[in-house]
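Undergrad: okay, predicted coordinates and the sequence, questions at the end:
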Amino acid sequence: MTTGRELGQLRPTRSTLLVGLLAGILGFALVIQVRSRQEVDTFAGARQEDLAEILDDLNAREERLRLDIDELERTRDRLTGSAGRDEVALVEARRRAEVLGILAGTLPATGPGLRLTIEDPAGTVTAEVLLDAIQELRDAGAEAMMLNGVRLVASSFVVGDGEGVAVDGTAITAPYRFVAIGAASTLAAAMEIPGGVVDVVASLTDARVVVDPRPSVLVDALRTLRPPVYARPSQPE
Amino acid sequence: MIPALALAVGVVLGLLVQPSVPVSVQPYLPIAVVAALDAVFGGVRALLDGIFDDKVFVVSFVSNALVAAVMVFLGDQLGVGGQLSTAVIVVLGIRIFQNLAAIRRHLFRA
C-alpha cells in the first residue's frame, strides 16, 4: 500500500520505482511512436484492403494515361507525316506551275536566246513569212517567244489581210521584232540555213533581217489563260 | 515526483536513441500507448481521491496496454482490425476524458 504522500516524496521506495519505471516506459513509447509516424510514409499503417484499393486506383489511372499517350502519339505522327507530305507536294506543284506557266505564256521567262528583227518599210513581208519564222524558231528549240509584245504559244496564229498583219488578233506593224529563248547559236543557225527566214526576207523588196544572238534575253509579254470550255482532264490510262 | 521525473527521462531517452519501431509491433504500439495513458490518468485521479494503490496501478497499466494490443491483434486476424482499433480508441478516449474531468474537479473545485 502506497499513499499519495509517499509518491510525492523524492525518497525512492520499491513501489515508487515500479510506478516510475512504467511512467518512463510510457514516455519512451510515446515519443518513438510519434517519431515513427513522422518517418514512415502513409502507406505503412494502411490495411491490406485499403492498399489493394489504392493499387487498383493506380492501375486504372495508369491504364487511362497509357491510352492518352497512345492517342497523342498517333496524333503527333499523323501531323508530322502529313506536314512532310504537304511540303513535298507543294514544292512539286510549284515546279509544275512554273513549267506550265512558261509553256502557256503566263509567266515571264529569261535565258539565252536571240533577237530577230525584220525591217519592212515597203510592206512586202507577209503573214506567211512571219509564220515560217515562228515555225523555224520552234523547230530549233525555242522555249519561249514573243513578237512585238505578243507572247507566242501553242495556239498562236498569224493573220494577213493584205493591208497588215495580226498576231493572236493583235495588229502589229513593221519592224517585226522576235525575241526567243533557246540555245542561241542553234537558233541563229536555223535562221540562216539556205531557204530559211534570212534567205526569204532578203529576196523581198526593201526588207532586211538582223539576227542578234545574246547570252540573256527577256520574254516578258504575258498571256491570260482562259479555262477550257469543252476539254476536261481525263484519267490517264 | 519520481514518476514525473521518470516520464521526462523516458521522453528524453526516446528523443536521444531514436529507435525504429519493429514492423510486427507497429499496429499495436499506438493502441498500447493510449491504453497506458488511460491507466496513468486513472492513477492520477486515484491519487487525488486518496485511494491510489501502486499494485492496482501497475496491474492496470500492464493489463490495459496488453489487452488493447491483443484486441487489435485479434481484430486483424478476424479482418476487422481497423474497426476494432477504432472502438478501442473510442472507449479509452472516453475513459481518459472522464478521468481528466475528475482530476479537473479536484484541482479547480469545478
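TA: Looks like it arrived, so ask away.
Undergrad: element containing B:Gly43, please.
TA: helix B:29-49 (DSSP states H and E).
Undergrad: ok and the helix or strand just after that helix relative to helix B:29-49, angle-wise?
TA: Heading C-terminal from helix B:29-49, the first helix or strand you meet, by DSSP H and E, is helix B:54-78. Helix B:54-78 and helix B:29-49 are oriented at 150 degrees to each other (axes from the mean of the first three to the mean of the last three C-alpha atoms, to 10 degrees).
Undergrad: check whether helix B:54-78 contacts chain A.
TA: Yes - for a cut-off given as C-beta under 8 Å from any C-beta of the partner chain, helix B:54-78 has contacts with chain A, namely B:54-55, B:57-58, B:61-62. Placement of C-beta: from N, CA and C, glycine included.
Undergrad: could I get the average pLDDT for that helix?
TA: For helix B:54-78, the mean pLDDT works out to 88.
Undergrad: for that helix, enumerate the helices and strands it packs against.
TA: On a contact count with 3 or more C-beta pairs under 8 Å, 6 or more residues apart in numbering or on different chains; DSSP states H and E, helix B:54-78 meets helix A:14-39, helix B:29-49, helix B:81-108.
Undergrad: may I see those helices organised as JSON lines, with distance to A:Tyr230 added?
TA: Below are the helices and strands packed on helix B:54-78 laid out as JSON lines (distance: least, C-beta to C-beta, whole Å):
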{"stretch": "helix A:14-39", "distance to A:Tyr230": "90"}
{"stretch": "helix B:29-49", "distance to A:Tyr230": "96"}
{"stretch": "helix B:81-108", "distance to A:Tyr230": "88"}
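Undergrad: quick check: which of these is nearest to A:Ile181?
TA: When the helices and strands packed on helix B:54-78 are compared by C-beta to C-beta, helix A:14-39 sits nearest A:Ile181, at 87.7 Å.
Undergrad: and that closest one, how far out from the chain middle?
TA: Centroid separation between helix A:14-39 and its chain, computed with C-alpha atoms, centre = their mean, to the nearest Å, is 79 Å.
Undergrad: now do that helix and helix B:29-49, the angle between them.
TA: If you take the same axes, to 10 degrees, helix A:14-39 sits at 140 degrees to helix B:29-49.
Undergrad: low-confidence stretches in chain A?
TA: Residue ranges of chain A with pLDDT under 70: A:1-12, A:39-42, A:44-45, A:237.
Undergrad: can you give me the strands for it?
TA: Secondary structure of chain A by DSSP state E: the strands cover A:109-119, A:144-147, A:150-152, A:158-160, A:165-167, A:170-172, A:176-181, A:208-219.
Undergrad: wait, which of those is closest to B:Leu107?
TA: strand A:109-119 (111.4 Å).
Undergrad: any chance you could list what contacts that closest one?
TA: The contact list for strand A:109-119, computed with C-beta atoms under 8 Å, 6 or more residues apart in numbering or on different chains, reads A:102, A:125, A:129-130, A:133, A:137, A:142-144, A:174-184, A:187-188, A:191, A:197, A:201, A:207-219.
Undergrad: quick one, which of those are buried?
TA: Buried residues within the contacts of strand A:109-119, defined by neighbour count using 16 or more other C-beta atoms under 10 Å in any protein chain shown: A:102, A:125, A:129-130, A:133, A:137, A:142, A:144, A:174-184, A:187-188, A:191, A:197, A:201, A:207, A:209, A:211, A:213, A:217, A:219.
Undergrad: coming back round to it: can you name every helix or strand that the helix holding B:Gly43 contacts?
TA: Other elements packing on helix B:29-49 under the criterion 3+ C-beta pairs under 8 Å, 6+ apart are helix A:4-8, helix A:14-39, helix B:54-78, helix B:81-108.
Undergrad: in JSON lines, list the ones you listed along with mean neighbour count and distance to A:Thr224.
TA: Formatted as JSON lines, the helices and strands packed on helix B:29-49 follow (neighbours: other C-beta atoms under 10 Å in any protein chain shown; distance: least, C-beta to C-beta, whole Å):
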{"stretch": "helix A:4-8", "mean neighbour count": "14", "distance to A:Thr224": "118"}
{"stretch": "helix A:14-39", "mean neighbour count": "18", "distance to A:Thr224": "86"}
{"stretch": "helix B:54-78", "mean neighbour count": "17", "distance to A:Thr224": "93"}
{"stretch": "helix B:81-108", "mean neighbour count": "15", "distance to A:Thr224": "88"}
